[in-house]
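Student: next comes the sequence, and after it the predicted model I'd like to discuss.
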Amino acid sequence: MCGRYASTKVPADLADEFRAIDATEGEGRPDFNVAPTKHVYTIVERHPRDADGAPDPSTTERTLRRMRWGLVPSWAKDPAVGARMINARSETAAQKPAFRRALAARRCLFPADGWFEWQRRDTKAGKTKQPYFTHYRDGSSIAMAGVWEFWRPKDDPEGEYPDGLITAAVLTTEAVGPLAQVHDRMPLVLPPDAWADWLDPDADASAVSVARLLAPPAPELIARMELRPVSSRVNNVRNNGPELLEALPPDQVTEPVQLDLLNSGGPTPT
């Protein structure tokens with residue numbers, strides 16, 4: 001699953017990295033502990049609309065936008081349901097009423113520095129949870145596949161949602177290689193050469209170009225990543241700072257495991 005991640009790059013840098021137009025209007029700030037229901041950065045690609053709201057099918061526009069993490073289906077009566085829909089399984093999203101329409105027509109990317117996952121183990125002292133942070137060794141953003149939806153209440157007497165609500169969920173898949181030793185699920189991470197196909201607004205989920213991406217990442221992509229144990233301070237969403245990403249000293253790691261992706265202090269591979 002993916003229930004927490006880090007997103008610390010400024011919008012201008014994300015827009016440049018993902019070849020998108022920054023449509024965030026300066027909203028947001030570096031977040032070292034992104035949690036569900038927060039507003040997050042996403043990448044979408046749509047047909048631009050004219051002054052009358054009609055889309056131009058001859059061109060597309062890729063933009064960096066802000067959405068709330070936790071998908072609220074268009075038919076939901078209460079937006080609070082989104083807090084339980086932060087993830088969608090890539091294997092079944094096309095069949096689930098909450099996600100199938102979004103997967104077919106509204107796909108996005110969640111840019112992230114990396115994500116946190118907790119390894120649960122039974123020890124002599126009881127059950128423990130050791131957080132790990134996974135990221136690309138070269139510092140480039142991880143692109144987590146997602147889907148998004150627009151929700152507007154049928155009745156809004158208090159005017160709480162005058163512009164509706166745009167929400168999104170991260171797709172997950174079976175963990176690959178060494179990552180499976182921490183958790184059996186992971187975000188569906190897409191390489192740069194898959195971004196255009198995933199974001200294509202004219203391809204639905206049944207298109208080969210999209211369906212082929214609903215699979216665990218290739219081992220070559222995982223090999224670019226580093227996995228490191230971090231402090232349990234990340235467990236508390238109120239904690240937020242660069243120290244959450246720092247590697248935990250070996251003598252402080254709960255039940256350390258031997259993983260190929262653990263930082264060995266050696267040179268960064270190219």
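Tutor: That came in fine, so what should we check first? These numbers come from a predicted model, not from an experiment.

Student: hey, where'd the strands end up in the stretch 101-250 of the chain?
Tutor: 107-112, 114-123, 126-136, 142-151, 165-174, 185-187, 225-229 (DSSP state E, counting those that start in this stretch).

Student: so how far is the first one from its chain's centroid?
Tutor: Mean C-alpha position of strand 107-112 versus that of the full chain (C-alpha atoms, centre = their mean, to the nearest Å) differs by 6 Å.

Student: residue 28 contacts residue 66, doesn't it?
Tutor: Yes - taking C-beta atoms under 8 Å as the contact criterion, residue 28 and residue 66 are neighbours in contact, 6.1 Å apart. Every C-beta, even on glycine, is put in place using the N, C-alpha and C of the backbone.

Student: returning to what we had before: which of the strands of the stretch 101-250 of the chain is buried the deepest?
Tutor: Mean neighbours per residue, mean count of other C-beta atoms under 10 Å, is largest over the strands of the stretch 101-250 of the chain for strand 107-112, with a mean of 26.

Student: could I have the CA atoms of it written out in CSV?
Tutor: The C-alpha coordinates for strand 107-112 follow below in CSV (Å, rounded to 0.1, in the frame of the first residue of the first chain):
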residue,chain,number,x,y,z
ARG,A,107,-5.5,9.1,-14.7
CYS,A,108,-2.8,11.1,-13.1
LEU,A,109,0.7,10.9,-11.6
PHE,A,110,1.7,11.7,-8.0
PRO,A,111,5.2,13.1,-8.0
ALA,A,112,7.1,12.1,-4.8
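
Student: for that strand, packing partners?
Tutor: Judged by 3 or more C-beta pairs under 8 Å, 6 or more residues apart in numbering; DSSP states H and E, strand 107-112 is in contact with strand 5-7, strand 39-46, strand 142-151, strand 165-174, helix 195-199.

Student: now these as JSON lines including distance to residue 86 and mean pLDDT?
Tutor: Converted to JSON lines, the helices and strands packed on strand 107-112 look like this (distance: least, C-beta to C-beta, whole Å; pLDDT from 0 to 100):
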{"stretch": "strand 5-7", "distance to residue 86": "11", "mean pLDDT": "98"}
{"stretch": "strand 39-46", "distance to residue 86": "10", "mean pLDDT": "97"}
{"stretch": "strand 142-151", "distance to residue 86": "10", "mean pLDDT": "97"}
{"stretch": "strand 165-174", "distance to residue 86": "6", "mean pLDDT": "98"}
{"stretch": "helix 195-199", "distance to residue 86": "19", "mean pLDDT": "98"}
